[in-house]
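Asks: 3D, please:
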Amino acid sequence: MFRMAAIVVAALGILGAGLVVLAGAQAPAPPVPLIPAAGGGAAAAPAAMGGPAATPAGTAGPATPAARPDADKTVDVADAARVFQELFGDDIQRAAAGRDHGPKVELAARMLVGARTVQNQPVLLAMLCEKACELGLSDPRGFETVLASADLLAARIPEKVEFAQEMRIAVRQAQNNAARTPQERRGYGAALVDLMASAANGKAHAGRAEEAQRLFTQALQLARALRLPVAEIEAQQKAAAELQRTAARLALLKAQVKAEPNNQAAREQLVRALVVDFDDPAEAARYLDGPCDAVLLKYVPAAAKGAEAAPELACLELGKWYRDLAASASAPAAKAAMLSRTQAYCERFLQLHVTADIDRAAAELMLRAVGAELPELAASAAPLARNLVLGVWLFRRTDTPLLDSRKKPVALQGEWKWAADDAFARPTETVEFRKATANWPNEPAFQIRAGSITAWVRPTEATGGIATKGSVVRVEYSLLIWGGKPGTSMGWPEVGQPTLTAAAVPLNRWTFLAYAWNDRAAEFWLDGKPVGIVMQGAPLRLSEGGFEIGDNSPGGSQYFVGRMAAVHLYNAIVTDSQVQDLMRYEAKYMKLRLPPDAAPPSD
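Replies: Now for the predicted structure:
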């Protein structure tokens, strides 16, 4: 009874939200030609209801709380299905009856608005989002609803991440198929390649090797057709194949140890594989209940507890042990994992051991050596995803003043270079900004729901915009410095003040800034170090606004003053290692001196 009451309360919230949509919301204008409608009956139960799945094969099952009994799950599904049918069953049938896809798009938007009001009802939330995706895919006007529904579903229900990813792929595939210009094809195609590669990696780590290789092959074919960089995807495909071979070898070793418990050689190989190749000492410790090497018997149980639980002297010993394992590891990813463990134990030791003696000196030297080696390994194990970059602003040298005679801003001379194989190999100039901007009209590739911006800046004033997409009506995503702190003005003017981190951007020296966003939060890096995650002040709403470098908002007056270089725009959220890799690469290429505390240290 309590669960049903909670679902009814959620339904009332959905009805209230739905009335708002009916009163004024309209579907977005179609960006590309129509695609075929989603198949199946209009009133078919979404996968979360336990009825015929309206989702691609291989997606996750019903999204119900894992700790609840199966009987409770069945009750939840039945209750949610009843509420869903009462709220939307008739509307679904009416939308399916006509040839016009407009009612489907409008209904999908209503379902999304309703889903955003649902709290603590994952089954009902999944039904709403999955059906919104099915209806939204029927027409390009519903694509933004599909993407937003997929994002909401993935954020709220981890079991539905794969389904959400498949919905994003379906949208980008349709947009790519319907693209009219080479620029549109390149923009949508680059986004699709990224999504396919990401999905392939997920399937590889889930042990679904055949699906992973099929997706990698598709991503490579599309990337080559669009003349996008393929080295990154090829490296990922190779790593996935190696992961498959390692997993197969691990399965054989487990079977051998089970069949021959006294086979010490097989047991030691299994334990080492779990520790080194899979970085899982806790799992390895489960196989120590038989004949085994004394060193493994000593260190694996301690390592299984983690660095945070290690006592002072054990930290130094475990750090040395992991360093030796790194030296014998063949795969870059395994070597990097072992050195990361070494780093963690050394840092823990230095926190606990305050005496300035030979042990502390040894730990400091080991930590310094690991810090110098890890960046190179990170670059080879998980190199900068160059297939993700959409564009690089390449500055041109000019003798033209950046202010005209009336001291009004003028457009800088420069070019927006869409990503190509040489996008990272051409010389990058630095340009001084004195209340000047560089801007471009809206492109399909700028319509990024989850992306990143990186830039080198040398500000002389503490407030100014670095890169922004939007218009005078609304800022969509942006990277800025405000009062010396990095932040974003996403959602302005609905959000009055920028959302900032606590980090400080120094004046009159080069700093590498990175910013990543989605419709919920933004993350920032300063000189390769993560400096904070902030919640967005308003939801991301993409529009026809253009892209601008050097100002806080198009048509605004918060100009960046100082020098800037190498502004990159990505259609995916960059990782810590990718940020550090790009910073190192460009610092060497442009001969910029990194600060002593940058991550990783400058060579």
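
Asks: low pLDDT regions in the stretch 351-500 of the chain?
Replies: By pLDDT under 70, the low-scoring segments of the stretch 351-500 of the chain are 375-431, 435-436, 495.

Asks: can you check the chain too?
Replies: 1-75, 375-431, 435-436, 495, 520, 536-537, 553-556, 577, 588-603.

Asks: could you show me where the strands are in this structure, in order?
Replies: Taking DSSP state E as the criterion, the chain carries its strands at 389-395, 414-418, 430-434, 438-440, 451-459, 464-470, 475-482, 485-488, 499-500, 511-517, 521-526, 529-535, 546-549, 561-570.

Asks: Kindly present these as TSV, with separate columns for distance to F88 and mean neighbour count.
Replies: All C-beta spots, glycine's among them, are computed from the backbone N, C-alpha and C. Listed next are the strands of the chain as TSV, based on distance: least, Cβ to Cβ, whole Å; neighbours: other Cβ atoms under 10 Å:
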stretch	distance to F88	mean neighbour count
strand 389-395	37	23
strand 414-418	42	16
strand 430-434	52	19
strand 438-440	41	18
strand 451-459	33	23
strand 464-470	34	26
strand 475-482	31	26
strand 485-488	36	24
strand 499-500	35	20
strand 511-517	32	25
strand 521-526	30	22
strand 529-535	30	15
strand 546-549	38	24
strand 561-570	37	22
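
Asks: mind checking which of those strands is nearest L350?
Replies: Of all the strands of the chain, strand 529-535 sits nearest to L350, with 18.0 Å by Cβ to Cβ.

Asks: What strands line up against the closest one, and which way round?
Replies: If you go by DSSP bridges, strand 529-535 pairs up with strand 521-526 (antiparallel).

Asks: chain center to the partner strand: distance?
Replies: 12 Å (Cα atoms, centre = their mean, to the nearest Å).

Asks: what does stretch 164-173 give?
Replies: Centre-to-centre, stretch 164-173 and its host chain are 15 Å apart (Cα atoms, centre = their mean).

Asks: ok, now stretch 219-239?
Replies: Centre-to-centre, stretch 219-239 and its host chain are 19 Å apart (Cα atoms, centre = their mean).

Asks: try stretch 133-151
Replies: Its chain's C-alpha centre and that of stretch 133-151 lie 20 Å apart, by Cα atoms, centre = their mean.

Asks: Kindly export that stretch (C-alpha atoms) in PDB.
Replies: C-alpha atoms of stretch 133-151 as PDB (Å, rounded to 0.1, in the frame of the first residue of the first chain):
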ATOM      1  CA  CYS A 133      13.000   7.800 -26.300                       C
ATOM      2  CA  GLU A 134      10.800   5.500 -28.400                       C
ATOM      3  CA  LEU A 135       8.400   8.300 -29.400                       C
ATOM      4  CA  GLY A 136      11.100  10.900 -29.800                       C
ATOM      5  CA  LEU A 137      13.000   8.800 -32.200                       C
ATOM      6  CA  SER A 138      10.100   8.900 -34.600                       C
ATOM      7  CA  ASP A 139      10.900  12.400 -35.800                       C
ATOM      8  CA  PRO A 140      14.000  14.700 -35.700                       C
ATOM      9  CA  ARG A 141      12.000  17.200 -33.700                       C
ATOM     10  CA  GLY A 142      12.100  14.700 -30.900                       C
ATOM     11  CA  PHE A 143      15.800  14.100 -30.900                       C
ATOM     12  CA  GLU A 144      16.600  16.600 -28.100                       C
ATOM     13  CA  THR A 145      14.000  14.900 -26.000                       C
ATOM     14  CA  VAL A 146      15.600  11.500 -26.600                       C
ATOM     15  CA  LEU A 147      19.000  12.800 -25.600                       C
ATOM     16  CA  ALA A 148      17.700  14.500 -22.500                       C
ATOM     17  CA  SER A 149      15.700  11.300 -21.600                       C
ATOM     18  CA  ALA A 150      18.700   9.200 -22.000                       C
ATOM     19  CA  ASP A 151      20.800  11.500 -19.900                       C
END
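
Asks: burial of the closest residue to K254 other than its chain neighbours, as a residue count?
Replies: Sequence neighbours aside, L270 is the residue nearest to K254 in space, at 6.4 Å (criterion: Cβ to Cβ, 6 or more residues apart in numbering). Residues lying near L270 (other Cβ atoms under 10 Å) number 22.

Asks: OK, contacts around L270?
Replies: Applying Cβ atoms under 8 Å, 6 or more residues apart in numbering to L270 gives the contacts 250, 253-254, 256-257, 284, 287.

Asks: Distance to M167 added to the strands of the chain, as CSV?
Replies: Shown next, in CSV, are the strands of the chain (distance: least, Cβ to Cβ, whole Å):
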stretch, distance to M167
strand 389-395, 21
strand 414-418, 26
strand 430-434, 40
strand 438-440, 29
strand 451-459, 18
strand 464-470, 23
strand 475-482, 22
strand 485-488, 26
strand 499-500, 28
strand 511-517, 20
strand 521-526, 21
strand 529-535, 24
strand 546-549, 26
strand 561-570, 21
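
Asks: Once you drop chain neighbours, what's closest to L296?
Replies: Nearest one to L296, counting by Cβ to Cβ, 6+ apart, is V271 at 5.4 Å.

Asks: close enough to count as contact, the one you found and L297?
Replies: No - with contacts counted by Cβ atoms under 8 Å, V271 stays clear of L297, the gap being 9.4 Å.

Asks: Please identify which of these two sits among more neighbours.
Replies: Set V271 next to L297 and count neighbours by other Cβ under 10 Å: V271 wins out with 24 against 13.

Asks: what about that one, distance to A309?
Replies: For V271, the distance to A309 equals 20 Å [Cβ to Cβ, to the nearest Å].

Asks: And A170, by the same measure?
Replies: 45 Å.

Asks: sorry, back to before: check the contacts of L270 for burial and list the buried ones.
Replies: 250, 253, 256-257, 284, 287 (16 or more other Cβ atoms under 10 Å).

Asks: So which of these sit within helices?
Replies: Judged by DSSP state H, helices contain the following of the buried ones among the contacts of L270: 250, 253, 256-257, 284.

Asks: will you turn the residues you listed into CSV that also has distance to R82?
Replies: Below are those laid out as CSV (distance: Cβ to Cβ, whole Å):
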residue, distance to R82
L250, 46
L253, 50
Q256, 52
V257, 51
A284, 48
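
Asks: Out of the contacts of L270, which is nearest to C346?
Replies: Nearest to C346 among those, counting by Cβ to Cβ, is A284 at 21.5 Å.

Asks: Among the ones in helices among the buried ones among the contacts of L270, which pair sits farthest apart?
Replies: Using Cβ to Cβ, these reach their maximum pairwise distance at Q256 and A284, which is 15.6 Å.

Asks: so how far is stretch 246-259 off the chain centroid?
Replies: Relative to its chain's centre, stretch 246-259 lies at 33 Å (Cα atoms, centre = their mean).

Asks: In PDB, list the C-alpha atoms belonging to it.
Replies: As requested, the backbone C-alpha atoms of stretch 246-259 are provided in PDB (Å, rounded to 0.1, in the frame of the first residue of the first chain):
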ATOM      1  CA  THR A 246      43.800 -11.800 -20.800                       C
ATOM      2  CA  ALA A 247      40.200 -12.600 -19.600                       C
ATOM      3  CA  ALA A 248      40.300 -15.900 -21.500                       C
ATOM      4  CA  ARG A 249      43.700 -16.800 -19.900                       C
ATOM      5  CA  LEU A 250      42.300 -15.900 -16.500                       C
ATOM      6  CA  ALA A 251      39.300 -18.200 -17.000                       C
ATOM      7  CA  LEU A 252      41.600 -21.100 -18.000                       C
ATOM      8  CA  LEU A 253      43.800 -20.500 -14.900                       C
ATOM      9  CA  LYS A 254      40.700 -20.400 -12.600                       C
ATOM     10  CA  ALA A 255      39.500 -23.700 -14.100                       C
ATOM     11  CA  GLN A 256      42.900 -25.200 -13.800                       C
ATOM     12  CA  VAL A 257      43.300 -24.200 -10.100                       C
ATOM     13  CA  LYS A 258      39.800 -25.600  -9.400                       C
ATOM     14  CA  ALA A 259      40.600 -28.900 -11.000                       C
END
